[in-house]
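S.K.: Give me a model of this one.
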Amino acid sequence: MKQFILYAVSLLSFNLWAAQVEITNATVREPLPGKSLSAGYFSLHNKGPAPVALVSVNSNNFGAIELHTHKMVGGMMQMTEIDQIVIEPGQQVHLQPGGLHLMLFRPVQKISLGQQVQLRLQWSDGTSQEVQASVTRIPKQ
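M.R.: Numbers count the residues shown, from 1 in each chain. From the prediction side, this is the model:
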């Protein structure tokens with residue numbers, strides 16, 4: 001019984017930690033004409049007392065979503081999938097072009113400028129948070 005109580009208390013503590021991650025500036029890029037993928041960005045601020053890791057993101061609007069980063073490989077910048085994004089206590093992590101970001105594949109329906117897309121973030125402690133992301137244009141280069 002003692003082990004069960006300790007387990008329940010630890011789960012409750014972890015749940016409180018993930019709930020203390022503030023998510024701001026959530027956007028999803030409008031796919032380019034004829035393309036079936038997009039990118040997503042937001043900022044995360046861990047206001048809790050322990051590290052927490054973002055382990056996946058899903059949405060009813062897309063067939064699949066992956067966590068990605070950019071790495072220098074052989075003198076060339078390459079985009080690679082990653083397993084998680086760790087946010088230390090008090091740390092802010094920004095998903096942005098050229099760095100950490102979401103890759104969103106196979107939209108279920110047309111994603112239009114100004115639309116709101118619901119994203120569900122899954123944390124390493126088993127909890128999840130929902131956020132509304134605004135669909136924005138890809139900036140002109």
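S.K.: Going along the chain, name the helices of this protein.
M.R.: 2-19 (DSSP state H).
S.K.: where in it is pLDDT low?
M.R.: Confidence mapping of the chain against pLDDT under 70 gives the ranges 1-19, 140-141.
S.K.: Partner strands of the lengthiest strand in it, with direction?
M.R.: In the chain, taking DSSP state E as the definition, the longest strand is strand 62-73. Using DSSP bridges, the strands paired with strand 62-73 are strand 76-81 (antiparallel), strand 101-107 (antiparallel).
S.K.: May I see the buried residues of the last one?
M.R.: Neighbour counts using 16 or more other CB atoms under 10 Å place His101, Leu102, Met103, Leu104, Pro107 of strand 101-107 among the buried residues. All C-beta atoms are positioned from the backbone trio N, CA, C, and that covers glycine.
S.K.: ok, the closest residue to the second one other than its chain neighbours - how many residues close by?
M.R.: Which is Leu102. Counting by CB to CB, 6 or more residues apart in numbering, the nearest residue to Leu102 once its immediate chain neighbours are dropped is Gly40, at 3.4 Å. Look at Gly40: counted by other CB atoms under 10 Å, it has 24 neighbours.
S.K.: The one 3 residues further on too?
M.R.: Counted with other CB under 10 Å, the burial measure for Ser43 works out to 14 neighbours.
S.K.: Write down the beta-bridge partners of it, one by one.
M.R.: Under the criterion DSSP bridges, Ser43 forms beta bridges with Thr24, His94.
S.K.: Go ahead and confirm it touches Ile85.
M.R.: No. Using CB atoms under 8 Å as the test, Ser43 is too far from Ile85 to be in contact (11.6 Å).
S.K.: Report the separation between the residue nearest to Leu102 and Asp83.
M.R.: According to CB to CB, to the nearest Å, Gly40 and Asp83 sit 17 Å apart.
S.K.: Any idea how far apart the tips of stretch 119-132 sit?
M.R.: Terminal residues of stretch 119-132 lie 6 Å apart, using CA to CA, to the nearest Å.
S.K.: who's in contact with Ala53?
M.R.: The contact partners of Ala53, taken as CB atoms under 8 Å, 6 or more residues apart in numbering, are Gln84, Ile85, Val86, Ile87, Trp123, Ser124.
S.K.: Brilliant, that's me finished.
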